[in-house]
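Visitor: Provided below for reference: sequence and predicted model.
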Amino acid sequence: KSNNDEDNKPVAVARLGKDNNNNNVDNNNSDNIHILDSMRCILKKENTDDDCDGGSEHAEAIGVCIDELVLSYLQRHVENESSSSSGGGSEEGRRMTTSFDGGIHFRGTLVSGRLLEARGFREVSELSADMHSHESDYDGALNRYAERSASKEVAKNSGARDRALRIVSFLGRVDREEDKARRKQ
């Protein structure tokens, strides 16, 4: 093990934040849309490795970013949902009415688009002002992450399996009827 700073640099980074540029007038809930708008990886896309989740180290690293950001979003979503239903939490938490279904937008590429679809995110049928290519889909994500948690291929990578199980656990805590109602607001 080395203390060299080169060894401590991340190989992939991604950013998920509130989409302040979403001017979708059909969606009154647009203030609570989040967008994953930046994913970067220093590994080469061309270097394939069948032992990696996604078929290459690059795809695996980007997949880890996607999973971790989805986990973070779901954790905040479930915490806000439980604090607002109990009347507790901050004023901001009570005002925040995010929906997982359609609540995360992604600007995908050819590589990340495949990874998003493998995780149950739907491709958009119409481009919007934020130019996202995919958005979160509760049913798709629940099905795909459940499949990933039981897959022999994903089981090679215990971290991927653990993330899939944690995401399924958080999705199971989402009040589906409430989430649908928020999506329609």
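Guide: Happy to help now that I have it. Residues are numbered from 1 along each chain as shown.
Visitor: longest single helix anywhere in this structure?
Guide: With DSSP state H setting the assignment, residue counts place helix 57-86 as the longest helix in the chain.
Visitor: now for D37: which residues touch it?
Guide: R15, G17, D19, R107, D130 (CB atoms under 8 Å, 6 or more residues apart in numbering). (C-beta placed from N, C-alpha, C; glycine too.)
Visitor: and the gap between the closest residue to the first one other than its chain neighbours and G63?
Guide: In space, and not counting its chain neighbours, R15 is closest to S38: 4.5 Å by CB to CB, 6 or more residues apart in numbering. Counting by CB to CB, to the nearest Å, the separation of S38 from G63 is 16 Å.
Visitor: looking at these two, which is more packed in?
Guide: The neighbour count for S38 versus G63, taken as other CB atoms under 10 Å, is higher for G63 (26 against 12).
Visitor: how about stretch 74-87 as CSV, C-alpha atoms only?
Guide: The C-alpha trace of stretch 74-87 is given here as CSV (Å, rounded to 0.1, in the frame of the first residue of the first chain):
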residue,chain,number,x,y,z
LEU,A,74,-33.3,7.5,-2.5
GLN,A,75,-32.0,7.9,1.0
ARG,A,76,-32.8,11.6,1.1
HIS,A,77,-36.2,10.9,-0.6
VAL,A,78,-37.2,8.2,2.0
GLU,A,79,-36.0,10.4,4.9
ASN,A,80,-38.0,13.4,3.6
GLU,A,81,-41.0,11.2,3.1
SER,A,82,-40.9,9.8,6.6
SER,A,83,-40.2,13.1,8.3
SER,A,84,-43.0,14.9,6.3
SER,A,85,-45.5,12.1,7.2
SER,A,86,-44.6,12.3,10.9
GLY,A,87,-44.7,16.1,10.9
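Visitor: the residue nearest to N157 when sequence neighbours are not counted sits in which helix or strand?
Guide: The spatially closest residue to N157, leaving aside those adjacent along the chain, is D53, at 5.0 Å (CB to CB, 6+ apart). Assigned by DSSP states H and E, D53 falls within no helix or strand.
Visitor: list the contacts for D53?
Guide: Residues near D53 by CB under 8 Å, 6+ apart: A59, E60, G63, E153, V154, K156, N157, A160.
Visitor: hmm, back to that, the residue nearest to R15 contacts A14, doesn't it?
Guide: Yes. Judged on CB atoms under 8 Å, S38 makes contact with A14 at a distance of 6.4 Å.
Visitor: returning to what we had before: mind putting the contacts of D53 into a markdown table with distance to G172 and pLDDT?
Guide: Compiled in a markdown table, those are given as follows (distance: CB to CB, whole Å; pLDDT from 0 to 100):
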| residue | distance to G172 | pLDDT |
| --- | --- | --- |
| A59 | 27 | 91 |
| E60 | 25 | 91 |
| G63 | 21 | 93 |
| E153 | 23 | 83 |
| V154 | 19 | 81 |
| K156 | 25 | 78 |
| N157 | 22 | 81 |
| A160 | 19 | 91 |
